[in-house]
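Undergrad: attaching a predicted model along with its sequence, questions to come.
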Amino acid sequence: MKRTLYFILIVLIITSFISGCGKRSNPSIAEEKPWWQNAIFYEIFVRSYYDSDGDGVGDFNGITEKLDYLANLGIEAMWLMPINPSPSYHGYDVINYYTVNPEYGTMDDFTHLLDEAHARGMHIIIDLVINHTSNQNPWFVDANNNPNSPYRDWYIWSDSDPGYASPLGNAWHPGNQGYYYGIFSDTMPDLNYNNPQVGEEMLKIVNFWLTNVGVDGFRVDAVKYLIEEGQKQENTVSTHEWLKAFYSAYKMANPQAFTVGEVFGAGAFAATTYLGQLDEIFSFEMAGGFVNSTQGEANTAMVSAMKFTLKDMPNGPYATFLTNHDQNRVMSVVNGNVDKAKMAAGLMLTSPGTPFIYYGEEIGMEGVKPDEDIRRPMQWDGSANAGFTSGNSWRAPGGNYLVANVAAEISNPDSLLSFYRNFIVLRKQHAALQDGAWVMVDSSNTGVFSALRIDQQEAILVVANLTNAPITDYSLSFQSDALKKGTYKLAALFGPDTQSVLNITDGSLGGFIPVTALPPYQLCVYQLQP
């Protein structure tokens, strides 16, 4: 309780500080609902997106050059993986929180990217890595060398090895003056949030990026590990208390700022525990549903994810995705099957939540661990280095870049890229697909997944044949008061036309067959018209 009151006081101090700061212009202050609620996000590893100067490393100016590509795809917001100075290629061990990685460009280059994105109505959030720092961060260097350092208590120390592990393996590492706690590795020492100075500094960092620089929010890395309570290392009460003050701080800095948290493995129930602390967290449960049902050609994973989501958090908020920078790419999970990649994307883009697309997913980039191989350069064309750089690339492109690249797919109506673009347009055109109610539809055949999306204006039926063969032996049933009584024609928004009609008399329906034969790997989307 004392810690919470302390941080509320810090929030008030920061608020008075903000009033004297020159705030960069921010688009979307006057919107009726949060800008992120219906946005399509795109996750970018800056090092791998586009190299504008030929040094083999992607940069801010490279992203700026590709903004029109992103806008044409339908992207409305970007999450940039860590952009702070770091000794590692990935950036998840920060040396300095108040500037940008010089390999990616200057702060002027970054603010130019922000301005160009904002001019197109796009938003940018950045990775906020505040669970730990780099062991090369000056704070830790001083703390490690000097037991009387003012930064000593910014980290977690023990004179001897406590001997207990973390959920990720070894947690305690020998330093120059005792053992320090680092849940991820010895190069990433955890910060000590039981020291109020640490929390105060983190809120100053948040304020700096929101008000001085003008970013639109943050993806908060490893948020469930933030504050340990002895050997309890995940989702502690102390973590949730601190996040409440964090939420107040960033909303005071910019009421339209958005945060999404990484709570690895989380489903809808976990998301409920972060309400009022973050705007959204990623639903790993939903991601597993999209990908596992697609790969397994059975609706089991989707039905399970849907049941738990509707039970615990029927109205959101949560963020959806297929795979991210820590997981094997979805195209590799489905063994290069473009039809399955389309299916997974279609399931995500017709489901509730805020969708996040991992860069290159839209063209079918492949990649399996180690991590460097799931973060390879973006494949722009079939030329040397996949069009990513004119120099020597920091890493070679993926093996399928000659066929899976933007230039080869952008004008092909049957390509994966065109599928993404079409479904993003479809989602934007129909509010029911964005934030309408999600209603379970039972299928008599496990090869078929179906759901209804319903708002006050329309109802949309989604039917998917997850298998590689036509399906005729199936029927659908559901019960929902959300669908008004009446007779509905099915107007195809995507997929084959049908003459089937729905007759709803009491909010339920059984034995319905919308299409006599569902083609293989076919996702059908129908608007129910009275």
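TA: Great, that's in hand.

Undergrad: going forward, measure contacts and count neighbours with C-alpha atoms only.
TA: Fine.

Undergrad: for M306, give me its contacts.
TA: M306 makes contacts with 286, 440, as judged by CA atoms under 8 Å, 6 or more residues apart in numbering.

Undergrad: in three-state terms, label it for me.
TA: Judged by DSSP: H, G, I helix; E, B strand; the rest coil, the three-state class of M306 is helix.

Undergrad: same thing with F110?
TA: helix.

Undergrad: now the most centrally placed residue in the chain: how far from V198?
TA: The residue lying closest to the centre of the chain (CA atoms, centre = their mean) is F356, at 4.5 Å. According to CA to CA, to the nearest Å, F356 stands 31 Å off from V198.

Undergrad: pLDDT below threshold where in the stretch 351-500 of the chain?
TA: Under the criterion pLDDT under 70, no range of the stretch 351-500 of the chain is flagged.

Undergrad: strands of that one, residue ranges please.
TA: Along the stretch 351-500 of the chain, the stretches classed as strands by DSSP state E, counting those that start in this stretch are 354-358, 437-443, 448-454, 459-465, 476-479, 486-494.

Undergrad: nearest to Q522, of those strands?
TA: strand 459-465 (5.2 Å; CA to CA).

Undergrad: that older thread, save the strands of the stretch 351-500 of the chain as a markdown table, and put in distance to F388 too.
TA: Formatted as a markdown table, the strands of the stretch 351-500 of the chain follow (distance: least, CA to CA, whole Å):
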| stretch | distance to F388 |
| --- | --- |
| strand 354-358 | 17 |
| strand 437-443 | 40 |
| strand 448-454 | 38 |
| strand 459-465 | 36 |
| strand 476-479 | 47 |
| strand 486-494 | 34 |
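
Undergrad: tally of neighbours for the closest residue to G182 other than its chain neighbours?
TA: In space, G182 comes closest to P189 once its chain neighbours are excluded; the distance is 4.2 Å by CA to CA, 6 or more residues apart in numbering. When neighbours are counted by other CA atoms under 10 Å, P189 registers 28.

Undergrad: just list the residues touching P189, thanks.
TA: Contacts for P189 (CA under 8 Å, 6+ apart) come out as 132-135, 140, 155, 180-183.

Undergrad: can you tell me which of those residues has the most neighbours?
TA: Y181 (27 neighbours).

Undergrad: leaving out sequence neighbours, find the closest residue to that one.
TA: W172 (4.7 Å).

Undergrad: cool, and T320?
TA: The shortest distance from T320 to any non-neighbouring residue, by CA to CA, 6+ apart, is to P355 (4.8 Å).

Undergrad: looking at it, that neighbour is touching G346, isn't it?
TA: No - applying CA atoms under 8 Å, one finds P355 not in contact with G346, separated by 11.1 Å.

Undergrad: phi and psi next, for V525.
TA: Main-chain dihedrals, V525, degrees, to the nearest 10: phi -130, psi 120.

Undergrad: and it, how many neighbours?
TA: 25.

Undergrad: with L402 as the reference, measure out to it.
TA: For V525, the distance to L402 - CA to CA - is 32 Å.

Undergrad: that older thread, out of the strands of the stretch 351-500 of the chain, which gets nearest to E229?
TA: strand 354-358 (32.0 Å).

Undergrad: just checking: what are the partner strands of that closest one?
TA: Strand pairing for strand 354-358, determined by DSSP bridges: strand 41-44 (parallel), strand 319-320 (parallel).

Undergrad: which residues touch the nearest residue in space to P162 that is not next to it in sequence?
TA: Excluding the flanking residues, the one nearest P162 by CA to CA, 6+ apart is W172, at 7.4 Å. Applying CA under 8 Å, 6+ apart to W172 gives the contacts 161-165, 179-183, 186.

Undergrad: at 7 Å instead, please
TA: Shown in contact with W172 (CA atoms under 7 Å, 6 or more residues apart in numbering): 161, 179-182.

Undergrad: ok, of these, which one's closest to N254?
TA: Nearest to N254 among those, counting by CA to CA, is G182 at 32.0 Å.

Undergrad: can you give the contact residues for stretch 62-70?
TA: Residues contacting stretch 62-70 (CA under 7 Å, 6+ apart): 49-52, 113, 116-117.

Undergrad: switch the cut-off to 6 Å
TA: Stretch 62-70 is contacted from outside by 50-52, 113, using CA atoms under 6 Å, 6 or more residues apart in numbering.
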